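>>> sequence and predicted structure are below.
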Amino acid sequence: MTSRVPPIKNASPHATEPVLGGYPAIRMRRNRKASWSRALVAEHRLSPADLIWPMFVTEGKDARTTIASMPGVERLSVDLIVDAAREAVRLGIPAVALFPFTDPAKRTDDAREAFNADNLVCRATRAIKAADLDLGVILDVALDPYTSHGHDGLLIGDEIANDETNAALVKQSLVQAEAGADILAPSDMMDGRIGAIRAALEAEGRHNIQIMSYAAKFASAFYGPFRDAVGSVLKGDKRTYQMDPANTDETLREVALDLAEGADMVMVKPGLPYLDVVRRVSDTFKVPTFAYQVSGEYAMLQAAIANGWLDHDKAMLESLLAFKRAGAAGVLTYFAPKAARLLATT
């Protein structure tokens, strides 16, 4: 006769019978029980090396001006930009992106200040390079900081002229390359401009200059504070060349074209409202995909923080981690120095 072994009674009155593949054999909270355990199993990590610091350059010496719609962000003169660049290196931030606050008197219909080898961003780039810093310098390739109408391209009548703009962007790119830019970042959204710029760089023997294409830049409502920062005089809107926020399949076509034309990496802009686009681009192309946490996103978070509705450090880092989780290789963010300092202590 076979004897029956009686079931072992659970010692705890709260215990239940184990279910294969379920609770309580599997308790998802076990891996969350302590900070060391959470760190051990973290799927994504944020580090200063994931950050690019956008900076605004202005005229003068030892000059800094506040930007009301972007608390904590300032326009800096070239000498202070170099100081900020040194700080970026100390913080482990690998690259900065420079944008000019151009004197309104120098803004013209033909954007000729963009081709001036002594314009603000060129001077700032040369100054950073003269400081011999291990730091990448990214320069925006677009005409809007230099045009009297605030558009990214040249106007012929009421139309942004694509091919004429491309010729101007090539001139701008070569000037920036000569100044020492490491990465050119065309943000204009003209058709064919990546191929034109790459061909010009190759013809001049500048084979190693990288292109970070704003391949998916949407006609967004989140750019307002940035336009304050650069003193934009935009008349009208940019919907005839920036992408429709309703479209994501179109993004894949834009990215494919820019990669075929010679882009080394691509960008999605804005960031948080377009994380689905970041994910689609990253998954589809398996190339370095960046996102820009734009001025409107930054301003919204800062406003909520100022009102005591959000915790500054937690909201900042959570928002940045979201980009990594979506597949971004890195993120342009005005939080870069604050985030890097905080990450160094955690």
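Received it, and whenever you're ready, just let me know what you need. Residues are numbered from 1 along each chain as shown.
>>> name the residues of stretch 275-283 that are buried.
For stretch 275-283, a neighbour-count test (16 or more other C-beta atoms under 10 Å) marks 275, 277-282 as buried. C-betas here are computed from N, CA, C, even on glycine.
>>> and for stretch 251-261?
Here stretch 251-261 shows 251-252, 254-255, 257-259, 261 as buried, counting by 16+ other C-beta under 10 Å.
>>> before we move on, what about stretch 80-93?
Neighbour count says stretch 80-93 has 80-82, 84-85, 88, 91, 93 buried, by 16+ other C-beta under 10 Å.
>>> what about those, which are in helices?
80-82, 84-85, 88, 91 (DSSP state H).
>>> save these as JSON lines, and put in distance to residue 266 too.
Shown next, in JSON lines, are these (distance: C-beta to C-beta, whole Å):
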{"residue": "80", "distance to residue 266": "31"}
{"residue": "81", "distance to residue 266": "26"}
{"residue": "82", "distance to residue 266": "29"}
{"residue": "84", "distance to residue 266": "26"}
{"residue": "85", "distance to residue 266": "25"}
{"residue": "88", "distance to residue 266": "23"}
{"residue": "91", "distance to residue 266": "25"}
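>>> tell me the one of the buried residues of stretch 80-93 nearest residue 124?
Nearest to residue 124, judged by C-beta to C-beta, of those is residue 81 at 4.8 Å.
>>> residue contacts, that closest one?
Listed by C-beta atoms under 8 Å, 6 or more residues apart in numbering, the contact set of residue 81 reads 55, 57, 98, 124, 127-128.
>>> what about the helices in the chain?
Under DSSP H, the chain gives helices at 35-41, 78-91, 120-130, 162-179, 193-203, 224-230, 249-261, 275-285, 295-306, 312-325, 336-344.
>>> ok now the last one, how far from the chain's centre?
Pointing back at helix 336-344 there. Helix 336-344 has its C-alpha centroid displaced from the chain centroid by 16 Å (C-alpha atoms, centre = their mean, to the nearest Å).
>>> pLDDT of it, averaged?
Helix 336-344 shows a mean pLDDT of 97.
>>> same check, this time on the fourth one
Averaging pLDDT along helix 162-179 gives 98.
>>> how about the CA coordinates for it, as CSV?
Provided in CSV are the C-alpha atoms of helix 162-179 (Å, rounded to 0.1, in the frame of the first residue of the first chain):
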residue,chain,number,x,y,z
ASN,A,162,14.2,74.9,-51.5
ASP,A,163,17.1,74.6,-53.9
GLU,A,164,18.3,78.2,-53.4
THR,A,165,18.2,77.6,-49.7
ASN,A,166,20.3,74.5,-50.1
ALA,A,167,23.0,76.4,-51.9
ALA,A,168,23.0,78.9,-49.0
LEU,A,169,23.2,76.1,-46.4
VAL,A,170,26.2,74.7,-48.2
LYS,A,171,28.0,78.0,-47.9
GLN,A,172,27.1,78.2,-44.2
SER,A,173,28.3,74.6,-43.6
LEU,A,174,31.7,75.3,-45.1
VAL,A,175,32.2,78.4,-43.0
GLN,A,176,31.3,76.5,-39.9
ALA,A,177,33.6,73.6,-40.9
GLU,A,178,36.4,76.0,-41.4
ALA,A,179,35.8,77.4,-37.9
